[in-house]
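> no sequence on this one, just coordinates:
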């Protein structure tokens with residue numbers, strides 16, 4: 001490195017040895033550059049496990065990097081060295097040419113960031129995943145069995161529970177398996193399948209929430225025409241559309257992504273997502289970026305439609321003297337489900353597009369899993385607690401079971 005204004009030149013040689021060999025590496029380089037001025041040579045070492053040698057700090061100070069900037073640079077050096085060593089260790093069993101796309105394996109580098117907390121994640125997921133399965137299955141069972149709940153609103157709630165089961169199962173078992181087996185790689189085909197599952201879940205979720213918002217709008221704003229407008233045929237159509245459109249959209253996304261030439265193998269997450277894969281591409285990504293913008297715009301339009309319907313609902317409820325609060329209470333679980341989706345998706349969008357290094361890694365992983373694991377638990381609990389008829393049916397069945405057992 002040199003600076004013409006300062007008339008300064010620095011000779012820097014960086015090696016990343018095993019920590020025990022750092023002193024020997026320094027001596028070898030000092031012998032090599034013995035004939036040069038000592039104050040302009042920097043034989044620096046960063047250990048393969050992330051230990052940064054003292055001469056590195058001297059180099060940074062001489063370059064004008066001091067205080068917090070110096071500490072940040074040393075930390076990033078340590079992380080990059082550790083990441084490289086981690087990558088080499090994961091690839092130790094691989095042989096042959098990996099250029100063939102179907103043989104590519106990605107390294108999920110997110111597991112390195114949570115390695116010290118891996119058993120905490122296992123314990124929490126082992127608790128949350130069965131809870132997610134049980135709560136959603138109970139909700140589906142109650143709605144299917146009880147004829148009093150065979151109405152459009154409850155059919156859409158049942159559909160939401162099915163979507164929660166689908167989305168919650170897309171990631172949780174995968175993460176548990178990876179942590180327990182300490183295998184932090186994923187094949188190209190498995191990555192595409194996971195992207196498809198996550199994208200269809202998100203699409204089904206927001207589409208069904210839009211249909212549910214329409215249901216609440218008709219129920220509150222046009223109560224006398226509710227059954228006439230929302231016929232069984234339209235209910236079935238709404239459920240089919242909430243699954244079909246996301247599957248078509250995700251199929252197009254996967255077909256475009258599958259044609260990319262991939263030049264990297266490290267995904268800085270605990271699961272595959274489309275944007276992380278696109279960032280590793282060395283071919284033209286203009287088409288998939290444009291398609292992504294269009295799909296994101298459609299999602300924003302759906303969210304705007306939902307909020308618009310709720311503005312209308314609130315205005316109607318304010319005009320009603322007594323029944324307004326009761327009617328609006330049926331919308332609270334739906335609003336919670338919508339906020340879960342918007343908050344979780346927004347953070348995931350910001351994390352993918354912007355630098356979030358200032359946020360602790362564990363926090364980033366937890367929030368990125370919010371929509372995929374916590375939201376499918378919160379939704380059925382809210383509908384079970386806040387929806388009066390579902391709450392009454394569940395209470396009735398539990399009371400009957402208790403009395404029967406005694």
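That came through fine. The model shown is predicted, which means the values in this text are computed figures rather than measured ones.
> so residue 334 sits right up against residue 213, yeah?
Yes - Residue 334 lies in contact with residue 213 (C-beta atoms under 8 Å); the separation is 6.8 Å. From N, CA and C alone the C-beta is placed, and that goes for glycine too.
> which residues sit against the helix or strand that contains residue 399?
Using DSSP states H and E, residue 399 sits within helix 388-405. Helix 388-405 has contacts (C-beta atoms under 8 Å, 6 or more residues apart in numbering) with 138-139, 142-143, 146, 148-149, 154, 157, 329-330, 383-385.
> Give me the subset of these that lies in helices.
Judged by DSSP state H, helices contain the following of the contacts of helix 388-405: 138-139, 142-143, 154, 157, 329, 383-385.
> ranges for the helices of the stretch 251-400 of the chain?
For the stretch 251-400 of the chain, applying DSSP state H, counting those that start in this stretch gives helices covering 274-279, 286-319, 323-329, 332-353, 361-368, 375-386, 388-405.
> I'd like these as a markdown table, with mean pLDDT appended.
Below are these laid out as a markdown table (pLDDT from 0 to 100):
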| stretch | mean pLDDT |
| --- | --- |
| helix 274-279 | 87 |
| helix 286-319 | 86 |
| helix 323-329 | 69 |
| helix 332-353 | 83 |
| helix 361-368 | 82 |
| helix 375-386 | 88 |
| helix 388-405 | 81 |
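> Please identify the most buried of those helices.
The highest average neighbour count among those, using mean count of other C-beta atoms under 10 Å, belongs to helix 375-386 at a mean of 21.
> just checking, what packs against that one?
Under the contact criterion of 3 or more C-beta pairs under 8 Å, 6 or more residues apart in numbering; DSSP states H and E, helix 375-386 touches helix 118-145, helix 152-181, helix 332-353, helix 388-405.
> Now the second one: buried residues?
Meaning helix 152-181. Within helix 152-181, the residues that qualify as buried are 152-172, 174-175, 178-179, counting by 16 or more other C-beta atoms under 10 Å.
> Surely residue 368 and residue 347 touch.
Yes - in this structure residue 368 lies within contact range of residue 347 using C-beta under 8 Å: 7.1 Å.
> quick revisit: taking the contacts of helix 388-405 together, which two end up most distant?
With C-beta to C-beta as the measure, no two of the contacts of helix 388-405 lie farther apart than 138 and 329, at 21.5 Å.
> what's the average pLDDT for stretch 105-122?
Computed over stretch 105-122, the mean pLDDT rounds to 85.
> What residues does the closest residue to residue 314 other than its chain neighbours make contact with?
With C-beta to C-beta, 6 or more residues apart in numbering as the criterion, residue 314 has its nearest non-adjacent residue at 7.1 Å, and that residue is residue 328. By C-beta under 8 Å, 6+ apart, residue 328 lies in contact with 220, 313-314, 317.
> ok, these vs residue 45, which is closest?
For these, the nearest to residue 45 is residue 314 (64.1 Å; C-beta to C-beta).
> quick one: that closest one and residue 331, what's the gap?
As judged by C-beta to C-beta, to the nearest Å, residue 314 and residue 331 stand 9 Å apart.
> what comes up buried for stretch 192-201?
192, 194-201.
> what is the rounded mean pLDDT of that stretch?
Average pLDDT, stretch 192-201: 93.
> likewise stretch 219-234?
For stretch 219-234, the mean pLDDT works out to 87.
> and what of stretch 138-146?
For stretch 138-146, mean pLDDT is 91.
> Now do that stretch: everything it contacts.
With C-beta under 8 Å, 6+ apart, stretch 138-146 has contacts from 149-150, 154-155, 157-158, 161-162, 380, 383-384, 390, 393-394, 397.
> Please identify the buried residues of stretch 67-75?
Of the residues in stretch 67-75, 70, 73-74 count as buried by neighbour count, 16+ other C-beta under 10 Å.
> Quick one: mean pLDDT for that stretch?
In this model, stretch 67-75 has an average pLDDT of 76.
> Any idea how far that stretch is from the middle of the chain?
Relative to the chain's own centre, stretch 67-75 is displaced by 29 Å; criterion: C-alpha atoms, centre = their mean, to the nearest Å.
> what's in contact with it?
Contacts of stretch 67-75 (C-beta under 8 Å, 6+ apart): 52, 56-57, 60-61, 65.
> and what of stretch 272-291?
So stretch 272-291 is contacted by 106, 108, 186, 190-192, 194-195, 198-199, 252-253, 256-257, 260-269, 292, 348, 352-353 (C-beta under 8 Å, 6+ apart).
> Repeat that for stretch 376-386.
For stretch 376-386, contacts defined as C-beta under 8 Å, 6+ apart pick out 128, 131-132, 135-136, 138-139, 157, 160-161, 164-165, 167-168, 329, 332-333, 336-337, 340, 390-391, 394.
> circling back: let me know the closest of the ones in helices among the contacts of helix 388-405 to residue 298.
Residue 298 lies nearest to residue 157 out of those, by C-beta to C-beta, at 23.9 Å.
> neighbours around residue 371, how many?
As a burial measure, residue 371 scores 25 neighbours (other C-beta atoms under 10 Å).
> same check, this time on residue 133
Counted with other C-beta under 10 Å, residue 133 comes out at 17.
> Show me how the record splits this protein into domains.
The chain breaks down by automatic domain parsing into domains covering 2-90, 107-405.
> Excluding chain neighbours, what is closest to residue 262?
Nearest residue to residue 262 in three dimensions, chain neighbours excluded: residue 280, at 5.2 Å (C-beta to C-beta, 6+ apart).
> how near is that neighbour to residue 198?
Residue 280 sits 17 Å away from residue 198, going by C-beta to C-beta.
> circling back to that earlier point, can you tell which of the helices of the stretch 251-400 of the chain is closest to residue 231?
Closest among the helices of the stretch 251-400 of the chain, once you apply C-beta to C-beta, is helix 286-319, at 19.5 Å.
> give the contact list for residue 179.
Counting by C-beta under 8 Å, 6+ apart, residue 179 touches 111, 118-119, 121-122.
> if we go to 7 Å?
Residue 179 sits next to 111, 118, 121-122 when contact means C-beta atoms under 7 Å, 6 or more residues apart in numbering.
> And residue 56, by the same measure?
Residue 56 makes contacts with 44, 46, 74, 77, as judged by C-beta under 7 Å, 6+ apart.
> Now, the residues you listed that are in strands?
Secondary structure from DSSP state E places residue 44 of the contacts of residue 56 in strands.
> Would you double-check that residue 116 falls in a helix?
Yes - under DSSP: H, G, I helix; E, B strand; the rest coil, residue 116 sits within a helix.
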